[in-house]
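**Student:** need a 3D model of the sequence below.
(one chain, ligands or ions: 1)
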Amino acid sequence: MGDTAEWGDDAFIVRIHTDNGLIGIGESDSCPAVLKAIIETPSSHSTCKGLREILLGENPLDIERLWRKMFEQTSYMGRRGAVIHAISAVDIALWDIAGKHFGVPVYQLLGGKLRDDIEAYGTFIPRDVPCENSEVAAGMVDAGLRLLKLGGGNFGIDPQHDHTVMRYVRDSVGPDVELAVDLVYRWKNFPNAKKQAEKLYEFDLAWIEEPIPADDHIGLRRLSQAISVNVSGGECLATFAEFEEFVQETSPDIIQPDITRCGGITEMRRIYQLATRHSCRLVPHGFSTGILLAATSQFLASVPNGELIEYSNSTSPLATGLVANHLPLVNGRVTVSDAPGLGLVLNEDFISRYGVEMNFSGRMLNGFR
Ligand code: MG
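**Tutor:** Next comes the predicted model:
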């Protein structure tokens, strides 16, 4: 993309074409050039293959079998991180194909719809000038949102600044709107985080998200036990295995898998079962395009505890412009689409304007140069 935005400057979109003319759409909120390479790379050996080569000629309806095949045949370079992000995008596209093939929405394939719409919470990156956040928060409440989360930007660096921002936001929305904060790992460690968290008690927070560095699981467990606010995390984790380790070692109150990174709809279903076995609430992360929003809403519609969905308030054009029929916020809720598959119509003009061609020739070098 040529423009810059406060967040979400790019998006990785996959379109899978079947031989009978169906097109499945998927996304990963990750690094596009890396993921494109993971799909297009020529294979090195049996456990180091490109996803395109793994999938060509296969039956796209064999979603679970293909998930395992992709996982196993990339295991030398994958199992976590970017490869699982790429598999997530493919997996979402395969569910879209299956829904279109059978003429039903994805939630039908997941077992049926438990709700027609889902309560949304709104996320925004706070403005640097604290008082400007009063207006941002008020606008989101006017849109019907009853829970707001803020994080990123300059938040989490200077405690006094954070406190001032929170004061403006709380005073703006009043006592009945819930507030959450996202520290994006910025508090240093358990003692520091405990001190900072206690300073925010007066704002009656719904949760504190990713307060300390990602791999400090012992510190996060201590924090969760020491403070009276719910602790959440997990948007950067991929696979059931990583979530299982995270849940067992940190005892979070809320886990936040991103359906475009954790392994797609297929792996999200397994992670949901993990959450229910550990009294964890699952509130998916979602701060990208309408593809992510559609996939997340189809999944949440199908599970008993799928009552809350994240709704991006990003100013990036990608947040609402990529999908022509972007799911709108209606009285603070997202309506679940009943169209086949994910029900997405992409805005082709938008893609022409912002699309970037990245070519990987795939040629092997004949020698050192
Ligand atoms: Mg977050």
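**Student:** contact residues of this protein facing the ion?
**Tutor:** Counting by Cβ under 5 Å from the ion, the chain comes close to the ion at Asp182, Glu209, Glu235. Where you see a C-beta, it was placed from the backbone N, CA and C, and this is true even at glycine.
**Student:** got the domain boundaries for this structure?
**Tutor:** 12-104+348-368, 109-335 (automatic domain parsing).
**Student:** mean pLDDT lowest for which of those domains?
**Tutor:** Of all the domains of the chain, mean pLDDT reaches its minimum on domain 12-104+348-368 (a mean of 93).
**Student:** winner for burial among the domains of the chain?
**Tutor:** domain 109-335 (a mean of 20; mean count of other Cβ atoms under 10 Å).
**Student:** need the distance between the two termini of that domain.
**Tutor:** Domain 109-335 has an end-to-end distance of 18 Å (criterion: Cα to Cα, to the nearest Å).
**Student:** ok, now stretch 246-266?
**Tutor:** Termini of stretch 246-266 sit 19 Å apart (Cα to Cα).
**Student:** and if you look at stretch 209-219?
**Tutor:** Using Cα to Cα, the two ends of stretch 209-219 sit 14 Å apart.
**Student:** just give me how far it sits from the chain centre.
**Tutor:** Computed by Cα atoms, centre = their mean, to the nearest Å, the chain-centroid distance of stretch 209-219 equals 19 Å.
**Student:** ok, and what's touching that stretch?
**Tutor:** The contact list for stretch 209-219, computed with Cβ atoms under 8 Å, 6 or more residues apart in numbering, reads 149, 151, 180-190, 192-193, 196-197, 220, 223, 231-233, 235-236, 245-246, 249-250, 256.
**Student:** turn the domains of the chain into a markdown table, columns for distance to Gly341.
**Tutor:** Below are these laid out as a markdown table (distance: least, Cβ to Cβ, whole Å):
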| stretch | distance to Gly341 |
| --- | --- |
| domain 12-104+348-368 | 3 |
| domain 109-335 | 9 |
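**Student:** helices along the stretch 201-350 of the chain, start to end?
**Tutor:** Counting by DSSP state H, counting those that start in this stretch, one finds helices in the stretch 201-350 of the chain at the ranges 217-226, 239-250, 264-277, 290-301, 317-321, 348-354.
**Student:** ok, the residue of the stretch 101-250 of the chain found nearest the ion - contacts?
**Tutor:** Relative to the ion, the nearest point of the stretch 101-250 of the chain is Asp182 (4.2 Å; Cβ to the ion). Neighbour list for Asp182: Thr123, Lys149, Leu150, Gly151, Gly152, Phe155, Glu209, Glu210 [criterion: Cβ under 8 Å, 6+ apart].
**Student:** would you list those residues in a markdown table and tack on secondary structure?
**Tutor:** Output for the contacts of Asp182, formatted as a markdown table (DSSP: H, G, I helix; E, B strand; the rest coil):
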| residue | secondary structure |
| --- | --- |
| Thr123 | strand |
| Lys149 | strand |
| Leu150 | strand |
| Gly151 | strand |
| Gly152 | coil |
| Phe155 | coil |
| Glu209 | strand |
| Glu210 | coil |
